[in-house]
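Trainee: what follows is a protein structure lacking sequence information:
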């Protein structure tokens, strides 16, 4: 077998050689590579012109033949967003899976899980581990590139790529101090400082806060520090360095399971979203560091070489708990007796090591313009999973008691997993007269998953190795009949290593075999000044993974996802901003040994949102906002044995900016979510239930100078 490092080094060298030879062939009349900087995108807007995630060097949204959602900084600030779920609930089809979002955002998009080690990216590049709340305070935007994206990013589920874009130093100095809190007693502070010194720029962020969600018997705290460094010693060379260290510990509320009554799985009532049948010591402390380096060398005005290298490392302990009613076939919801089971995971460890080298350039052949990217990437994902002993306690759903704390057991190894995903890829976007764009891409992948299992004594008992070397393709056609409308169709083959069996299953932590997915999408985008409207139809077929009747997580059969998605983002008039979206979704298990014809779990047939912010003309600096968020009913397991009701929540907010108080720009913000106090199940998958978090009012005071 060809050595993976040799493949990567050779491909990068070939790209450099090709780019250099092409560059020297340029003449004065040759086209130039367009330079787009996402951090220079329009500010103070709910809309965005550019996209960092994906191919073609921070391309125009209008020219991207895929469904894209960009949640810009202005929207994040208006909603006082602190978690990725806070941001992504503005895009349709996003639901939580298995747990609520208090500890971290475990999400599905269009009913497809967003894999927590492969689908999350920092600055369009490094795959970061999403098993901790990734901070937004040091990010300028969140992007969701929906659908299959493996041709550029390697193995990932076709839910899409979630990309977090760092704040960077700008020409204007930044010094921002912010205090924040909520009505449940949470309080914290955040500092953001950015400066440029000639060719050198640095942006530093730091935050510390205690955590209070309003859920009974929970507490915690979080903090992070980060730095984004830029160095541009010449017009032809630039270097970017990003680093962040994140720590969070919080009591993880107990999940619930439906009970059987008269042979039918039945949902327990939500008495209060503040209720928690667990105890305060069920904490899940986690710490993560992310390091990323990006160097770019402009070989000529039309050609550039880019090298990326990075690492994402997370370690966590976890006390995951779930509650089952006693004698479920005879369960009496008016009494509520049951068993509370706590899994004690001591030191889970995850690490992604990432390299990418690529050449990008542009040239003409007659009337056709080519924009190409060719390169190689390597993503090694290691996981070390300890044995997870459990303790059980008698508990009552309606009258919970504090259960005695059990010390974390000594760490004992259960299994290790090493995934090596090496790929060679090439894309060519051919355009004619800014009217027709044809994109063709290919990726060759060398994928290997090596899992080792160990006895309680630490002796290796078995080893399972899975290897595949697929070649996958993509093609897209985009037509712009006028400059403000684009119509497109795409075909993409995706690659995914399915999923890791979740907590609560008997094979928790096990990696399932790889699977291939196919996606077709047709859409239209239109710009009206600062307002963008999009509509798209998509169809995805992928291998399906779910928890079976034996509580084992398995890959079984083929699932189909079809839907239509719509969005309207930007400014209707200068004083009125809008972010609206909707998804109509139809899913079906079309093959497999079980569940054929069933809907896919945790996939609502309708979801959508509408959020508006209005700058009041009567008071300078005052803005008010309101939003409505809808998630339709969905099935809670693959057998479609029970259904979770849909829900609608309403939010309101306001902000006021003034310089009259202390002579510096000061902004006061307040935001209330779920103002009607709607009780709902936020999570419904793998036969686990988690209620939404209690309604809250968040507030902040920020001074900039």
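Mentor: Received the coordinates, thanks. Everything quoted here is computed from the prediction, not taken from an experiment.

Trainee: got any ranges where the protein has weak pLDDT?
Mentor: Across the chain, the ranges flagged by pLDDT under 70 are 1-29, 40, 56-57, 328-334, 498-500, 502-504, 509, 511, 513.

Trainee: what do you get if the cut-off is 50, keeping everything else the same?
Mentor: By pLDDT under 50, the weakly predicted segments of the chain are 1-2, 4-25, 28.

Trainee: sheet partners, orientation included, of the strand ranked longest in it?
Mentor: Among the elements of the chain assigned as strand by DSSP state E, the one spanning the most residues is strand 337-365. When pairing is defined by DSSP bridges, strand 337-365 lines up against strand 303-325 (antiparallel), strand 368-386 (antiparallel), strand 390-396 (antiparallel).

Trainee: out of those, the one nearest residue 629 is which?
Mentor: With C-beta to C-beta as the criterion, residue 629 lies closest to strand 303-325 of these, at 26.6 Å. Where C-beta positions appear, they are placed from N, C-alpha and C, glycine not excepted.

Trainee: how far out from the middle of the chain is that closest one?
Mentor: Distance of strand 303-325 from the chain centroid (C-alpha atoms, centre = their mean, to the nearest Å) equals 11 Å.

Trainee: now the end-to-end length of stretch 324-342.
Mentor: The stretch stretch 324-342 measures 12 Å between its terminal residues, going by C-alpha to C-alpha, to the nearest Å.

Trainee: what does stretch 114-131 give?
Mentor: Counting by C-alpha to C-alpha, the length from the leading to the trailing residue of stretch 114-131 is 12 Å.

Trainee: and if you look at stretch 625-645?
Mentor: Comparing the first residue of stretch 625-645 with its last one, the separation is 27 Å (C-alpha to C-alpha).

Trainee: what's the answer for stretch 456-470, then?
Mentor: 37 Å.

Trainee: any buried residues in it, and which?
Mentor: Residues 468, 470 are the ones in stretch 456-470 that count as buried (16 or more other C-beta atoms under 10 Å).

Trainee: cool, and stretch 380-397?
Mentor: Neighbour-count burial for stretch 380-397, with 16+ other C-beta under 10 Å as criterion, is recorded at 380-388, 391, 393, 395, 397.

Trainee: turn the strands paired with strand 337-365 into JSON lines, including distance to residue 338.
Mentor: Formatted as JSON lines, the entries for the strands paired with strand 337-365 read as follows, by distance: least, C-beta to C-beta, whole Å:
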{"stretch": "strand 303-325", "distance to residue 338": "4"}
{"stretch": "strand 368-386", "distance to residue 338": "27"}
{"stretch": "strand 390-396", "distance to residue 338": "6"}
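
Trainee: count of neighbours near the spatially closest residue to residue 303 that is not a sequence neighbour?
Mentor: Using C-beta to C-beta, 6 or more residues apart in numbering and skipping residues adjacent in sequence, the residue nearest residue 303 is residue 361, 3.9 Å away. If you count neighbours by other C-beta atoms under 10 Å, residue 361 ends up with 25.

Trainee: A helix includes residue 75, no?
Mentor: Yes - residue assignment for residue 75, taken from DSSP: H, G, I helix; E, B strand; the rest coil, places it within a helix.

Trainee: which SS state does the residue nearest to the spatial centre of the chain fall under?
Mentor: Using C-alpha atoms, centre = their mean, the residue of the chain that lies closest to the mean C-alpha position is residue 162, 3.7 Å off. Assigned with three-state DSSP, residue 162 falls in the strand class.

Trainee: how far away is it from residue 121?
Mentor: Distance of residue 162 to residue 121, given as C-beta to C-beta, to the nearest Å: 7 Å.

Trainee: about what we covered before: got a list of what the residue nearest to the centre of the chain touches?
Mentor: Taking C-beta atoms under 8 Å, 6 or more residues apart in numbering as the contact definition, residue 162 lies against 84, 88, 107, 114, 119, 120, 121, 130, 142, 143, 144.

Trainee: leaving out chain neighbours, which residue sits closest to the fifth one?
Mentor: It stands for residue 119. That would be residue 156: by C-beta to C-beta, 6+ apart, it lies 4.8 Å from residue 119.

Trainee: and the gap between the one you found and residue 88?
Mentor: Separation of residue 156 from residue 88 (C-beta to C-beta) stands at 16 Å.

Trainee: of the two, who's got more company?
Mentor: residue 156 (27 against 23).

Trainee: residue contacts, the more buried one?
Mentor: Taking C-beta under 8 Å, 6+ apart as the criterion, residue 156 is in contact with 115, 118, 119, 149, 150, 494, 495, 496.

Trainee: find the helix or strand that it is a member of.
Mentor: Assigning secondary structure by DSSP states H and E places residue 156 outside every helix and strand.

Trainee: phi, psi for it please.
Mentor: Here is the backbone geometry of residue 156 (degrees, to the nearest 10): phi -160, psi 150.

Trainee: distance of it from residue 495?
Mentor: Computed as C-beta to C-beta, the residue 156 to residue 495 distance reads 8 Å.

Trainee: touching both of these two, which residues are there?
Mentor: With the criterion set as C-beta under 8 Å, 6+ apart, the overlap between the contacts of residue 156 and residue 495 is residue 150.

Trainee: tell me, how many residues neighbour the residue lying closest to residue 538 once chain neighbours are set aside?
Mentor: Here the nearest residue to residue 538 in space, its sequence neighbours aside, is residue 521; by C-beta to C-beta, 6+ apart that works out to 4.3 Å. Look at residue 521: counted by other C-beta under 10 Å, it has 22 neighbours.

Trainee: my guess is residue 521 meets residue 534, correct?
Mentor: No - the pair formed by residue 521 and residue 534 falls short of the contact definition of C-beta atoms under 8 Å, at 11.4 Å.

Trainee: okay, and the common contacts of these two?
Mentor: Contact criterion C-beta under 8 Å, 6+ apart; residues shared by residue 521 and residue 534: residue 67.

Trainee: show me what residue 109 bridges to in the sheet.
Mentor: Beta-bridge pairing of residue 109 under DSSP bridges involves residue 94, residue 112.

Trainee: related to what we said a few turns ago, greatest separation within the buried residues of stretch 380-397: which pair is it?
Mentor: Among the buried residues of stretch 380-397, 380 and 397 lie farthest apart (C-beta to C-beta), at 43.9 Å.

Trainee: surely residue 411 touches residue 347?
Mentor: Yes - under the criterion of C-beta under 8 Å, residue 411 lies in contact with residue 347, with a separation of 5.1 Å.

Trainee: identify the contacts common to those two.
Mentor: For the pair residue 411 and residue 347, residues contacting each of them under the criterion C-beta under 8 Å, 6+ apart are residue 386.

Trainee: just to revisit the earlier point, from the contacts of residue 162, pick the one nearest residue 482.
Mentor: Closest approach between the contacts of residue 162 and residue 482, by C-beta to C-beta: residue 143, at 26.1 Å.

Trainee: run through the bridge partners of that closest one.
Mentor: Applying DSSP bridges to residue 143 yields these beta-bridge partners: residue 70, residue 163.

Trainee: so what's residue 549 closest to, chain neighbours aside?
Mentor: What sits nearest to residue 549 in space, not counting adjacent residues and going by C-beta to C-beta, 6+ apart, is residue 639, at 7.0 Å.
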